[in-house]
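Chemist: Show me how the following folds:
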Amino acid sequence: MFCFTSDDSYSAFHRVEDDPITKYLQQPLYFEVELMGSYNPKVSLELAHCWATLEEDKMSLPQWDLIVNGCANSRDPHPVIFHSVVPQGRVHNPSNFKRFEVPMFAFAEDKDNLNRQVFVHCEVVICDVRNPLDVHCSDQDNTMKGQKLAVSDDPGFKSVTSGPIIIMRS
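Modeler: Sure thing, here's the model as predicted:
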């Protein structure tokens, strides 16, 4: 399941009936990806690649990378912030969840022509907790940073989409 909420408590999620959600530029939106139906602490859900588009089609252009190879996009002036997940309430196995925050943005031709809608997509993979995705986000010399994995062609990767999110200027 891929859903979002307006605060970092991750307790009250937006429902499909609530669509579209309206946010102001730079207002944070909190995303959660959950491996549904798994109670296995030996399984880890990993975010390989997350990006935004103007349309629900994940292949549509333009695209803006939010997460690349499991790390925040180093070219983003307002990068994704990852949130830890602890066992609490409905979370029994934190390895089955991923949480992150995105300051809302808009695709722009120029500052006076903002597109008002975005969709967020993620490619996720299920790993053995003893062998998660090999990412080193703090390693500034990581040669993989900024490169896209061709995950859509890998049968081990699954896609999830959330949106539309309507962007308002303040």
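Chemist: so D65 makes contact with T53?
Modeler: No - D65 is not in contact with T53 according to CB atoms under 8 Å; the separation is 10.9 Å. Just so you know, the C-beta spots here come from the backbone N, C-alpha and C atoms, and that holds for glycine as well.
Chemist: Give me the more crowded residue out of these two.
Modeler: T53 (21 against 18; other CB atoms under 10 Å).
Chemist: tell me the secondary structure for the residue nearest to N73 when sequence neighbours are not counted?
Modeler: Residue nearest to N73 in three dimensions, not counting chain neighbours: D65, with 4.5 Å by CB to CB, 6 or more residues apart in numbering. Of the three states, D65 takes strand under DSSP: H, G, I helix; E, B strand; the rest coil.
Chemist: So which residues of this protein form strands?
Modeler: Shown for the chain, the strands assigned by DSSP state E span residues 2-5, 21-24, 28-34, 43-53, 63-68, 71-72, 81-83, 97-103, 117-128, 157-168.
Chemist: To V91, which of those strands lies closest?
Modeler: strand 97-103 (6.0 Å; CB to CB).
Chemist: what about that closest one, distance to the chain center?
Modeler: Here the centre of strand 97-103 is set off from its chain's centre by 6 Å, with CA atoms, centre = their mean, to the nearest Å.
Chemist: for stretch 61-69, same thing?
Modeler: 10 Å.
Chemist: coming back round to it: let me see the contact set for the residue nearest to N73.
Modeler: By CB atoms under 8 Å, 6 or more residues apart in numbering, the residues touching D65 are 49-51, 73, 75-76, 148.
Chemist: Of those, which is the most crowded?
Modeler: Ranking the contacts of D65 using other CB under 10 Å puts C50 first, with 27 neighbours.
Chemist: quick one: it and F82, what's the gap?
Modeler: Applying CB to CB, to the nearest Å, the value for C50 to F82 is 11 Å.
Chemist: which neighbours do the two share?
Modeler: Common contact partners of C50 and F82 (CB under 8 Å, 6+ apart): F100.
Chemist: Quick check: the residue nearest the centre of the chain vs D8, distance?
Modeler: The C-alpha lying nearest the average C-alpha coordinate of the chain belongs to C50 (CA atoms, centre = their mean; 4.9 Å). For C50, the distance to D8 (CB to CB) stands at 17 Å.
Chemist: can you check V120 too?
Modeler: In terms of CB to CB, V120 sits 17 Å off from D8.
Chemist: which of these two has more neighbours?
Modeler: V120 (24 against 12).
Chemist: where in this structure is pLDDT low?
Modeler: Across the chain, the ranges flagged by pLDDT under 70 are 1, 4, 14-20, 109-115, 131-157, 164, 166-170.
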